[in-house]
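# Sequence first, then the predicted structure:
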Amino acid sequence: MYDSANLEWLQQQPRVVLGHGPTPLEPLDRLSEELGGPRIWLKRDDCTGLASGGNKTRKLEYLMADGLAAGADCVVTHGAVQSNHARQTAAACAKLGLPCHLLLSERVDWPFESYRRQGNVLLDKLLGAQLHIHELANSSAARKNLLAGLADAGQRVYEIPAGGSSAIGALGYSRCLLELLNQCAAQQVQDAMIVHASASAGTQSGLVFGKSLLGVDCQILGINVFHPDPQTLKDRVQNLAQGMHDLWPQAKLQQPFDIEVNHAYLGGGYGQPTEACLDAIGMAAQLEGILFDPVYSGKALAALIDQITLGNLSHLRDVIFIHTGGSASLGAYVEAFDA
Ligand SMILES: Cc1ncc(COP(=O)(O)O)c(C=O)c1O
């Protein structure tokens, strides 16, 4: 069914197992019935296991393998103050016994105390990471100071970009695509259209690269929750997928990259919950008992709900939503739910 040389190549790439897998593919029948559109299937990457789960676990499995192979004895990564990636990196480091430094930039205008203390920040601290919170404008100085200090202390640093979105990290989502397509075949899920939240683009570029690598026919739609315009996200996905191709020329692409982005659901910007997002979170919680977050997965779910309500997906029997996690940040946004 898939290109066998590429399949073998993908299965042989070094990774450390950090999460639970395969994550379930579950139908959301009460939500689907409420909306009256295609049957919604949820790929439960919120259940990857690493300190409340999320999409970064799959990326970290490849990144940590790379770091350990390079002899790293310490990890540095980047993100917003409520970064889910930072929290999962802290958890991965705890599991592997590596010191973890989180460079967290104040890039979200959410002026409540809970944002700086609750949610992922609380978990980062519990997981033993060292937090370096700084203003966005000071990011490069903060990074330089931290790296210089660690080098002086004789540490061998493995630095992971924001979101774990390098070519190596993104491979986690090529592997996820394979896992998902196998589940679709086993569970008779048709017309695979895949919808997910897209920000630093590692998830989407991994899926897009995986599609091209395996030579499969499925639609992948990234919902932009970060970039001020859709082209920037498209370019990021293209560059990362191309970066994967450049890094692994032995993996022969079967078709050109197919990149599709929807920009209509960003609202007031990254980290600013929209009304539709808060409604979507409430619907999923009350109809399915599943938690989404106000920054990423909730905005993407709001997009899916709206597209179904508009009738734009009525040609499909099934639609797949990858739940990329994020509910750890809910407590940091308590004021959004007070209204
Ligand atoms: C919960 C959640 N969903 C989706 C995303 C977006 O994934 P990516 O950064 O790979 O585009 C992120 C991270 O940025 C996230 O934390």
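Done, it's in.
# Would you indicate which residues of the host helix or strand of Ser212 are buried?
Assessed by DSSP states H and E, Ser212 sits inside helix 202-214. By 16 or more other C-beta atoms under 10 Å, the buried positions in helix 202-214 come out as 202-214. No exception for glycine: its C-beta is placed from N, CA and C like everyone else's.
# what helices or strands is the helix or strand containing Lys299 leaning on?
Secondary structure from DSSP H and E places Lys299 in helix 297-309. Where contact means 3 or more C-beta pairs under 8 Å, 6 or more residues apart in numbering; DSSP states H and E, helix 297-309 is packed against helix 29-35, strand 193-198, strand 219-224, helix 275-288, strand 318-322.
# possible to save these as CSV with mean pLDDT, distance to the ligand and mean neighbour count?
Output for the helices and strands packed on helix 297-309, formatted as CSV (pLDDT from 0 to 100; distance: least, C-beta to the nearest ligand atom, whole Å; neighbours: other C-beta atoms under 10 Å):
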stretch, mean pLDDT, distance to the ligand, mean neighbour count
helix 29-35, 98, 19, 17
strand 193-198, 98, 4, 26
strand 219-224, 98, 7, 24
helix 275-288, 98, 12, 18
strand 318-322, 98, 9, 25
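# could I get those as a markdown table with distance to Asp246?
Below are the helices and strands packed on helix 297-309 laid out as a markdown table (distance: least, C-beta to C-beta, whole Å):
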| stretch | distance to Asp246 |
| --- | --- |
| helix 29-35 | 40 |
| strand 193-198 | 21 |
| strand 219-224 | 21 |
| helix 275-288 | 36 |
| strand 318-322 | 26 |
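# can you tell which of the ones you listed is closest to Leu102?
Nearest of those to Leu102, taken as C-beta to C-beta: strand 193-198 at 21.1 Å.
# Contacts for the closest one, please.
Residues outside strand 193-198 that contact it (C-beta atoms under 8 Å, 6 or more residues apart in numbering): 43, 180, 203-204, 207, 218-226, 233, 237, 261, 296-297, 299-300, 303-304, 307, 313, 316, 318-322, 324.
# same question, stretch 244-255
Residues contacting stretch 244-255 (C-beta under 8 Å, 6+ apart): 3, 5-6, 9-10, 167-168, 170-171, 174, 205-206, 209, 211-215.
# at 6 Å what do you get?
With contact meaning C-beta atoms under 6 Å, 6 or more residues apart in numbering, stretch 244-255 is reached by 3, 6, 9, 167, 209, 212-213, 215.
# First-to-last residue distance for that stretch?
14 Å (C-alpha to C-alpha, to the nearest Å).
# Show me what counts as buried in that stretch.
244-245, 248, 251, 253.
# would you turn these into TSV with distance to the ligand and secondary structure?
As requested, those are exported to TSV (distance: C-beta to the nearest ligand atom, whole Å; DSSP: H, G, I helix; E, B strand; the rest coil):
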residue	distance to the ligand	secondary structure
Met244	13	helix
His245	18	helix
Trp248	19	coil
Ala251	20	coil
Leu253	21	coil
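# and which of those residues is nearest Lys125?
Met244 (33.9 Å).
# where does the closest one land on pLDDT?
Met244 carries a pLDDT score of 98 in this model.
# near the ligand, which residues of the stretch 151-300 of the chain show up?
Contact residues (C-beta under 6 Å from any ligand atom) of the stretch 151-300 of the chain with the ligand: 163, 165, 197-204, 293, 296-297.
# switch to 8 Å and redo it
162-165, 170, 173, 196-206, 222, 225-226, 293, 295-297, 300 (C-beta under 8 Å from any ligand atom).
# CA atoms only: put stretch 143-157 into CSV for me.
Output of stretch 143-157 as CSV, limited to C-alpha atoms (Å, rounded to 0.1, in the frame of the first residue of the first chain):
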residue,chain,number,x,y,z
ARG,A,143,19.4,33.3,24.8
LYS,A,144,22.9,34.5,24.5
ASN,A,145,23.4,35.0,28.2
LEU,A,146,22.0,31.6,29.1
LEU,A,147,24.0,29.7,26.5
ALA,A,148,27.2,31.6,27.6
GLY,A,149,26.6,30.7,31.2
LEU,A,150,25.9,27.1,30.5
ALA,A,151,29.0,26.9,28.3
ASP,A,152,31.1,28.4,31.1
ALA,A,153,29.7,25.8,33.4
GLY,A,154,30.9,23.1,31.0
GLN,A,155,27.5,21.9,30.0
ARG,A,156,26.9,20.3,26.5
VAL,A,157,23.6,22.0,25.5
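# The stretch 51-200 of the chain: strands as residue ranges?
74-80, 100-106, 130-135, 157-160, 193-198 (DSSP state E, counting those that start in this stretch).
# which stretch among these comes nearest Leu278?
Going by C-beta to C-beta, the one of the strands of the stretch 51-200 of the chain nearest Leu278 is strand 193-198, 15.3 Å.
# Sheet partners, orientation included, of that closest one?
Using DSSP bridges, strand 193-198 pairs in its sheet with strand 219-224 (parallel), strand 318-322 (parallel).
# Next, the angle from that strand to helix 202-214.
Put simply, strand 193-198 runs at 140 degrees to helix 202-214, going by axes from the mean of the first three to the mean of the last three C-alpha atoms, to 10 degrees.
# Where does the prediction get shaky in the stretch 51-200 of the chain?
191 (pLDDT under 70).
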